[in-house]
Structure formats: C-alpha cells, structure tokens
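A.B. asks: fold the following, please.
(chains A and B)
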Amino acid sequence: MTQVRVRFAPSPTGFLHIGGVRTALFNWLFARQQKGVFILRIEDTDQSRSTDESIQAIIEGMKWVGLDWDEGPFRQTERIDLYRSYAMKLLEKGAAYWCVCKAEELDARRKEAEAKGLPQKYDGRCRDRGLTNQAGDAALRFKAPQEGETVVDDLIKGKIIFDNSVLDDLIILRSNGYPTYNFSVVVDDALMNITHVVRGDDHLTNTPRQIPIFEALGFPVPHFGHLPMILGSDKARLSKRHGATSIMAYKDMGYLPEAMVNYLVRLGWSHGDQELFVRQELIEKFAWKNVQTSAAVFNPEKLLWLNAEYIKTSHPDQVAQALVPLLREAGLQDEVSAMPADRLAQLVVLVKERAKTLVEMVDWVRPYLGQSVSFDEEAVKKFLTPALAPTLSKLLARFESLPMFSKQEWEATFKTFVEEEGMKIGQLAQPVRVALTGRTASPGLFDVMEVLGRDRTLFRLRQGIERASV
RNA sequence: GUCCCCAUCGUCUAGCCUGGCCUAGGACAUUGCCCUUUCAAGGCAGUAACACGGGUUCAAAUCCCGUUGGGGACACCA
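C.D. replies: Numbers count the residues shown, from 1 in each chain, chains lettered A, B, ... in the order given. As a prediction, this is how the structure comes out:
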C-alpha cells in the first residue's frame, strides 16, 4: 500500500476562510490517521489577485488551529517552468494546440451563446489549424476528449459519470505564458504524488476536466473526494454577508482553536451521536463514509456552545494562556504582568462557567484584578444603601475577628450573622457582592472571597461601607 | 440554458449501503420546572422532521423512477 499524500491548496486572494479550514482539516485528519503526508500548496498563478499578505494570513490561520503540514508551503509561481515544460510535452504529443482567439472575442461569443441558450463552450475553431506561436501571444489549449465518458469514483459522493461531449478545450497556458488553474493543479498533484485530492464541492465539475490531463501526461489518476459546501443561515454559500468568515476573526472574538476544530469537523462529519472530540479521537475515528453528502448551514450558536464547553473543560492553565493577549488588549497589561500564571488560572476556574468566549471572560475577570473595585452605579444605588451600612459594619467586624481566611469558616460566620440579624441570605449577600465585585452578578460569594483573599475582602468591604454611608 | 451534486426537527446530525428493532434517536436553539446568596453552570420535562408523487415489497426514512426545491460548475479566476 502506497503512503497517503494529501494537500490543502488555497489561493492567496484574501484571508483564510472557514470553509478552507474545514477542507484543510479533513485532509489533515486523513493524513494523520493514515500516517501519510499533508502538504500545503499556495495556488498563486493568478498574479493579479494573489498577495503576500494573504499567504501570511493562511499560514497564521493554519497554525492557530494547529494544522501542521509536512511539506511546503509550495508556491506555484516558483514552479512556472515546470508547468511550461509539461505543456510543451502535450503540444509535442498533439494533445494540445495553440489558439489565437482573443479573450474579447471569446467573451463576445460566449455572451452570444448564452443569449441563444446554447452551451457556453469553446467552439474549437483553432483545434485543427496546426498554428504555431510565432507572435508569442497565443494561448495553449488542451485537446479534451469529445467521445465516451469520464467516471469519477468520489470518496464521498460515490460514482459520478460525465459525458465527454460536455468537455471544453481548456486553456492550459495563458497568452502571457502562465498556466491556468486546471493545468497547474494536475501537474502539481501528479508531481507531488498526491494520492487523494480532497477539496470543496465547487470543484466537482473540474474533476472530469482534469482527469484527461492526468491521462494525457501519462500520470496515474489520484482518488478524488468532494466536500459539501458550508452555507449561511439563508442557505446561500457562506460569504462576508453572513458575518465573520475569516478564521482569525474567531480568534479575535475569543474562540478557542480546539472548539473551532470540533465545530468545523462536525459540520459535515459525524460519529454517531458524539459531539465532543479530542484531537486524537478525531484522528482515530475519522472516516470518509461518515462525511455528509449535503451542504451544511453554519450555526454560530452551536459554535458558541461548544466554545463554552471547551472553556469549562480545558485545562485552566491553557485557557489562562489564551486569555493573556486579550487582557493586554483590554488595557490590563499592568495587572497581567503583576500576576503569576497560576493566579490567572485560578481566576479562570472562578469564572469559566459564566464565560462563553474569552472576550466575555475578560470582563468576568476584571473585578478580581486590582486592589479596589469599580462600582456599577446602578448596583450601588440598589444595594449599598445607607440603611444597610450599620449591618455591613457589624459583618465587617465579625470577619475582622477571624485571623485567617477559610471558606467554610467565613461562610458559616456569614450565615450565622444573617440569622442573628433576622435577615434572609439574599438580603445581605447582594450588598456584599456589590461591595466585593462592584456588580450584582458574580461567582459564589465565598469563592470570590477566597480568590480575593482576607485582606482584599476586608478592604473592599470597608470601601463598600463607605459608599453605602454617603 | 446545459451539465453535475444534494434533500430527516429552525440548525448540525443518527438511522439509509445490508428494508422490519423507527411510536424516527442525539446535540444546539427555544419553552417550562427543579436546584440556588446573584449570574451562570447543572438536572428533569416539553414543542419540533423523513420535500412531494408514483412504483418494488407481506413491510420503505431506508431500494427504483419522476416532480419540486436548493446548491455548484460552465473564464486567458482558483
């Protein structure tokens, strides 16, 4: 059995798209499972649209979701001579011919055909003219078979039959000497010994065009697999209109890469009823037969749930680490720098059930960073009332008499005090919460005190009493 | 227009290949209840789907054909 070799071949014409990440992910999972090779190849033969920033964005995105490649990144523009020489081989063999039709003429003819409702196909007028490229401005076309049929045995969709009469004589070398996509992919997939070409559904009709080129070049034809598309909520192809589609936008919004991967893999693949997978599990359980044949709607709410799930269950150190850059961005760099890593992990544990994203977590963590709190005025008005100041002072005295902080002891003390005062827990818990955190919503009161420590708890309680007294 | 792909709750999906175990399961969202010092989290319960029409069969979500609907491709883009 030959070694599996797969590739992810994006074109660098923008950021790394969510759909691209999913395609890359399926390829990567298959490669890892089969102990194969995963190749990153940049398809930049369209010079007018490709940018170096896009290449960087692709690499950055791949790294963020942890999809490492074994070979590459290769750039097609560095391999132009290769494509030219293979194109010339086809010309010599009589499997390609020069075409002097101008782009504008072709365009006009295509429009005319469209208007008449005819197939929009090259009419082959240069096919048998035996033209040479004297002027140097001809394009090279592949002589596509016109009879018989081309069969694609798709890994996902099964057997698909195309009638060769629909095949066009594709341009393989532009008049500027650069290869076109359908030719450079074939040459690269063949030369890189790709065994399985797995790409988006939108390439399905390219496959019968590419297979004859493999054959004409004398290369073995790889296996093909076509992944269904990802749609937006309106069932149209996912695009900017549907909101964030760049993978890095999700990093910025506070998503964990593992959650992203888990969500994307379940969009089109399943393993029974299982929803949560660790990466090793995905590698073991992945199978083409469980890949969905139909398109899937991207559901941001489920992604959000998954992210919350990962925030709750991931190791706190790991979450804390991912949180640091967001805290810095929020202007909390001094607080972050002053804090040992395990302190931040402790805060993560404190608030992780409440934050669905790291961005939300920044806000949840904020009250526990400094010595004093910043009060939410509404909360103060409602709970830190002058009437309550004496009670709070009595409570403060009670806590001050305890030389050491202990969650159990302080909680018991609080509850006894509430009882003595003839109050309900909630009546006093809310004011204390506001004094301690500045807000009406927080983790459990005694968990908060534990994280704050004895000194800061007492300090903030005193501050709260001051606020209540005015 | 031509060619190709697809069709189970609002959404992601299990089941389909190898018909009966399906009164169609799980998850997200949503609704109600419970827990509760707040907010969450958690627990329990509920609403909700086999696109339609024909076959084949004792029996069809599952196999076949058609219709409808959605998507994709038809470039000197990838």
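
A.B. asks: so which helix or strand of chain A has the lowest pLDDT on average?
C.D. replies: helix A:103-116 (a mean of 85; mean pLDDT, DSSP states H and E).

A.B. asks: list the contacts of that helix.
C.D. replies: The contact list for helix A:103-116, computed with CB atoms under 8 Å, 6 or more residues apart in numbering, reads A:119-123, A:175. In this view, the C-beta of every residue, glycine as well, is placed from N, C-alpha and C.

A.B. asks: and if you look at stretch A:301-316?
C.D. replies: For stretch A:301-316, the surrounding residues in contact (CB under 8 Å, 6+ apart) are A:254-256, A:258-260, A:262-263, A:275-276, A:319, A:345-346, A:348-349, A:352-353, A:355-358, A:361.

A.B. asks: and if you look at stretch A:25-41?
C.D. replies: Stretch A:25-41 is contacted by residues A:3-9, A:58, A:62, A:65, A:67-76, A:188, A:192, A:194-196, A:198, A:227, A:261, A:264-265, A:269, A:282-284, A:286, A:288, A:291 when judged by CB under 8 Å, 6+ apart.

A.B. asks: in helices only, show me these.
C.D. replies: Using DSSP state H, the members of these that fall in helices are A:58, A:62, A:188, A:261, A:264-265, A:282-284.

A.B. asks: and those residues as JSON lines, adding pLDDT and neighbour count?
C.D. replies: Below are those laid out as JSON lines (pLDDT from 0 to 100; neighbours: other CB atoms under 10 Å):
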{"residue": "A:Ile58", "pLDDT": "96", "neighbour count": "25"}
{"residue": "A:Met62", "pLDDT": "97", "neighbour count": "23"}
{"residue": "A:Asp188", "pLDDT": "97", "neighbour count": "21"}
{"residue": "A:Val261", "pLDDT": "98", "neighbour count": "23"}
{"residue": "A:Leu264", "pLDDT": "97", "neighbour count": "24"}
{"residue": "A:Val265", "pLDDT": "97", "neighbour count": "21"}
{"residue": "A:Leu282", "pLDDT": "97", "neighbour count": "20"}
{"residue": "A:Ile283", "pLDDT": "97", "neighbour count": "16"}
{"residue": "A:Glu284", "pLDDT": "96", "neighbour count": "14"}
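
A.B. asks: now, which of those residues sits nearest A:Ile213?
C.D. replies: If you rank these by distance to A:Ile213 using CB to CB, A:Asp188 comes first, at 11.7 Å.

A.B. asks: quick check: bridge partners of the closest residue to the closest one other than its chain neighbours?
C.D. replies: Once flanking residues are discounted, A:Asp188 sits nearest to A:Arg41: 6.3 Å by CB to CB, 6 or more residues apart in numbering. Taking DSSP bridges, one obtains A:Phe74 as the residues bridged to A:Arg41.

A.B. asks: would you turn the ones in helices among the contacts of stretch A:25-41 into JSON lines with distance to A:Ala295?
C.D. replies: Output for those, formatted as JSON lines (distance: CB to CB, whole Å):
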{"residue": "A:Ile58", "distance to A:Ala295": "23"}
{"residue": "A:Met62", "distance to A:Ala295": "24"}
{"residue": "A:Asp188", "distance to A:Ala295": "27"}
{"residue": "A:Val261", "distance to A:Ala295": "20"}
{"residue": "A:Leu264", "distance to A:Ala295": "14"}
{"residue": "A:Val265", "distance to A:Ala295": "16"}
{"residue": "A:Leu282", "distance to A:Ala295": "21"}
{"residue": "A:Ile283", "distance to A:Ala295": "25"}
{"residue": "A:Glu284", "distance to A:Ala295": "27"}
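
A.B. asks: looking at the residues you listed, which two lie furthest apart in space?
C.D. replies: Using CB to CB, the two most remote members of those are A:Asp188 and A:Glu284, lying 29.9 Å apart.

A.B. asks: picking up where we left off before, tell me how far the residue nearest to A:Asp188 lies from RNA strand B.
C.D. replies: Distance, A:Arg41 to RNA strand B, using CB to the nearest atom of the strand, to the nearest Å: 9 Å.
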